[in-house]
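Peer 1: structure, please.
(chains A, B, C and D)
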There are 2 protein chains.
Amino acid sequence: MANTHHRAAPVHVHPDEVPVLTALTALADPVRIELVRELASSPDWTRACGSFDVPVGKAALSHHFGVLRSAGLVEQRDEGPRRVNRLRREEFEARFPGLLALVLRPD
Amino acid sequence: MANTHHRAAPVHVHPDEVPVLTALTALADPVRIELVRELASSPDWTRACGSFDVPVGKAALSHHFGVLRSAGLVEQRDEGPRRVNRLRREEFEARFPGLLALVLRPD
DNA sequence: GGGAGTGTATGGTTTTCGTCGAACACTCGG
DNA sequence: CCGAGTGTTCGACGAAAACCATACACTCCC
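Peer 2: Numbering: from 1, shown residues only, chains lettered A, B, ... in the order given. This is a model prediction of the structure:
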């Protein structure tokens, strides 16, 4: 029987299941804030993980996306060889009103 | 000459001078969240530092209050032998709209 | 003035977290 | 089928942060 291997689909967590502490912890990091900001300024599903301007290697980058997924901030989908992202604006805003706006603000 | 020693007044930081990352970092801790919540459910200037129900020693507690002060979340005043606290609701809300509400929510 | 109560400061331990290098898995184009 | 491109996983490392015990400083009351 043909063992058709697929890449393991990314594990997603809906914002509704995320505790406040988890959301705050996820956003309390300069690299992840930058990821969220760049993601917010791009159309959905247009940014692959490796396309962000952050000063870390790809191992750390992969880790950060895992944290963002676990906090319900990012949704991912496999598109050929790369994994494209989408910021979960509405869902996250519904769960944590105003929080995303604070992070996206020019400051 | 009488050397009238006074306790060093606590150093305060106004929320307007606080970066978003600092505010989020301050709130991304279970002990500090509990401090903020208890503080919010008490009248101003009624709670001394030692009167909070958190599972840490007083050294760690003092440290946490320092973090909250640096994030513009708490104001302190010396009242006799104890240091009483006040949550800077309005000022913090003006700087980071909605953030305090998220933390104070029943969740 | 002595002693209890309260909070800060210091030094050191433990834990957590961000990071990297290397190895591995998958996709796609030549 | 091979190689380049992309992303995850693993183990290890170092830095940061939380914590404690102790010592110290100040205030008040007896």
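
Peer 1: how many other residues sit next to the spatially closest residue to A:Val84 that is not a sequence neighbour?
Peer 2: Spatial nearest neighbour of A:Val84, chain neighbours left out: A:Trp45 (4.8 Å); criterion: Cβ to Cβ, 6 or more residues apart in numbering or on different chains. No exception for glycine: its C-beta is placed from N, CA and C like everyone else's. Using other Cβ atoms under 10 Å in any protein chain shown, A:Trp45 is surrounded by 13 other residues.

Peer 1: now swap in the one 5 residues further on and tell me
Peer 2: Each residue near A:Gly50 was counted by other Cβ under 10 Å, and the total is 10.

Peer 1: so which bits of the biggest helix by length in chain A are buried?
Peer 2: Using DSSP state H, we find that the single longest helix of chain A is helix A:58-70. Using 16 or more other Cβ atoms under 10 Å in any protein chain shown as the test for burial, helix A:58-70 gives A:Leu61, A:His64, A:Phe65, A:Val67, A:Leu68, A:Arg69, A:Ser70.

Peer 1: residues contacting A:Gly98?
Peer 2: Counting by Cβ atoms under 8 Å, 6 or more residues apart in numbering or on different chains, A:Gly98 touches B:Pro97, B:Gly98, B:Leu99, B:Ala101, B:Leu102.

Peer 1: likewise A:Leu21?
Peer 2: Counting by Cβ under 8 Å, 6+ apart, A:Leu21 has contacts B:Ala28, B:Asp29, B:Pro30, B:Ile33.

Peer 1: now intersect these with the helices, please.
Peer 2: Those of the contacts of A:Leu21 lying in helices (DSSP H): B:Pro30, B:Ile33.

Peer 1: which of the contacts of A:Leu21 are buried?
Peer 2: For the contacts of A:Leu21, buried by 16+ other Cβ under 10 Å: B:Ala28, B:Asp29, B:Ile33.

Peer 1: can you map out the strands along chain A?
Peer 2: A:47-48, A:74-79, A:82-87 (DSSP state E).

Peer 1: now the closest residue to DNA strand D within chain A: closest residue in space, sequence neighbours ignored.
Peer 2: Using Cβ to the nearest atom of the strand, the point where chain A gets nearest to DNA strand D is A:Gly50, with a distance of 2.5 Å. Residue nearest to A:Gly50 in three dimensions, not counting chain neighbours: A:Lys58, with 6.5 Å by Cβ to Cβ, 6+ apart.
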